[in-house]
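> Build the 3D model from these lines:
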Amino acid sequence: MAALSLTFLGTGTSIGIPAVGCDCETCRSTDPRDNRLRSSVWMRTPDLDWIVDTGPDLRQQCLRAGIRHLEAALFTHAHMDHVTGFDELRRFTPELNQFIPIHGTASTLAVLERMFEYAFNGENRYRGYLKPFPKPIHGPFNLGHTRVTPLPVSHGKVETIGYLFEQNDRKLCAYIPDCKTLAPETLSALAGIDTLIIDALRFSPHPTHMNFDEALAIRDLILPRRTFLTHFQCEVMHARAEPALPPDVRLAYDGLNLTWDD
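You can find the predicted model right below:
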């Protein structure tokens, strides 16, 4: 097994693609790469599996990807398209005393506890119910042999982070699905990274998300070995947009799997 494997469970923006009521070319596309569930990734190592974000499509994503167990869930922020599938994690805590660690900023965990109060109040510790174990993020932490570093970014009015994943002092990848700008400490942490996965909502400007030009400017600053853009609106048609990118920059799509060897 690879030292680290990442599968894109979803690469779409908050309304998904095809979007309800939209008849644009991308929403009518028959290319499966243009069919995008809400953004999330599934990460696997020889010692454990985890997911980043639990959007409203999580059940469908788990069934499609064949996810049968998870040892942790990480959250980037508390927007609807990243948290509202939270209760689907109940399938990963089926036993009476089985808990799943959930990692996020204090503000994100507070939103989850408010939205899903029944899962946190200690009154529903039954077989088959969701039993979360909140793990507030105060700095880097470990998931098995993987070092995880939170990456502060700006994204509207909600506290938002990306994640850097390292093994044996190798910066394997960073996942930053929602951002407009990166904090100076985030840019510094990304120096020397192998793979950058970053928000590129559309071609035209947006007040809280990077567009293609902004994402490519970050790639030019960091100079990773390879870059994958994600979290797309239907302004982005895969077959048309990807050929215009530099050779080391690709568009992510649902089901795409990336690996890093020892």
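
> can you tell me the average pLDDT over stretch 35-54?
For stretch 35-54, mean pLDDT rounds to 98.

> Stretch 62-82 too?
The model assigns stretch 62-82 a mean pLDDT of 98.

> oh, and call the first residue 562 from now on, that's how I've got it
In the new count, where the first residue is 562, that last one comes out as stretch 623-643.

> Quote the end-to-end distance of that stretch.
Terminal residues of stretch 623-643 are spaced 15 Å apart (Cα to Cα, to the nearest Å).

> what about that stretch, distance to the chain center?
From the chain centre to the centre of stretch 623-643 is a distance of 8 Å (Cα atoms, centre = their mean, to the nearest Å).

> and if you look at stretch 688-708?
Worked out by Cα atoms, centre = their mean, stretch 688-708 lies 15 Å from the chain centre.

> do the same with stretch 602-611
13 Å.

> Give me the buried stretch members for that stretch, please.
Within stretch 602-611, the residues that count as buried by 16 or more other Cβ atoms under 10 Å are 602-606, 610-611. C-beta here means a position set from N, CA and C on the backbone, and glycine is covered the same way.

> swap in stretch 574-583?
Buried, per 16+ other Cβ under 10 Å, within stretch 574-583: 574-575, 577-580.

> Could you do stretch 811-823 as well?
Those would be 811-817, 819, 821, for stretch 811-823 by 16+ other Cβ under 10 Å.

> Now the terminal residues of it, how far apart.
23 Å.

> again, but for stretch 596-604
Terminal-residue distance, stretch 596-604 (Cα to Cα): 21 Å.

> what does stretch 654-661 give?
Stretch 654-661 end-to-end distance (Cα to Cα) = 7 Å.

> got the contact list for that stretch?
Under the criterion Cβ atoms under 8 Å, 6 or more residues apart in numbering, residues 631-634, 650, 653, 686-694 lie in contact with stretch 654-661.

> Give me the buried positions along that stretch.
Neighbour count says stretch 654-661 has 654, 661 buried, by 16+ other Cβ under 10 Å.

> so what's the backbone phi/psi at the residue nearest to the spatial centre of the chain?
The centre of the chain sits closest to Ser601, judged by Cα atoms, centre = their mean, with a distance of 3.9 Å. Ser601 adopts backbone torsions of phi -170, psi 160, taken as degrees, to the nearest 10.

> In contact with it, which residues?
569-571, 612-616, 618-619, 622, 643.

> repeat that with 6 Å
By Cβ atoms under 6 Å, 6 or more residues apart in numbering, Ser601 lies in contact with 570-571, 614, 616.

> Thr574 now?
792, 794.

> Please tell me how far it sits from Ala680.
Distance of Thr574 to Ala680, given as Cβ to Cβ, to the nearest Å: 27 Å.

> Which one of the contacts of stretch 654-661 is nearest to Leu733?
Leu733 has its nearest neighbour among those in Ala633, at 17.0 Å by Cβ to Cβ.

> For the closest one, give the beta-bridge partners.
Trp611 (DSSP bridges).

> Give me the secondary structure label for Glu656.
coil (DSSP: H, G, I helix; E, B strand; the rest coil).

> What separation do you get for it and His638?
30 Å.

> and if you look at Ala563?
28 Å.

> Which one's more surrounded, these two?
For Ala563 versus His638, the count of surrounding residues by other Cβ atoms under 10 Å is larger for His638: 24 against 14.

> In this structure that one contacts Val719, no?
Yes. Counting by Cβ atoms under 6 Å, His638 touches Val719, with 5.0 Å between them.

> which residues are in contact with the one helix or strand Leu624 maps to?
Applying DSSP states H and E as the criterion places Leu624 in helix 619-626. For helix 619-626, the external contacting residues (Cβ under 6 Å, 6+ apart) are 568, 570, 598, 603, 646, 649.
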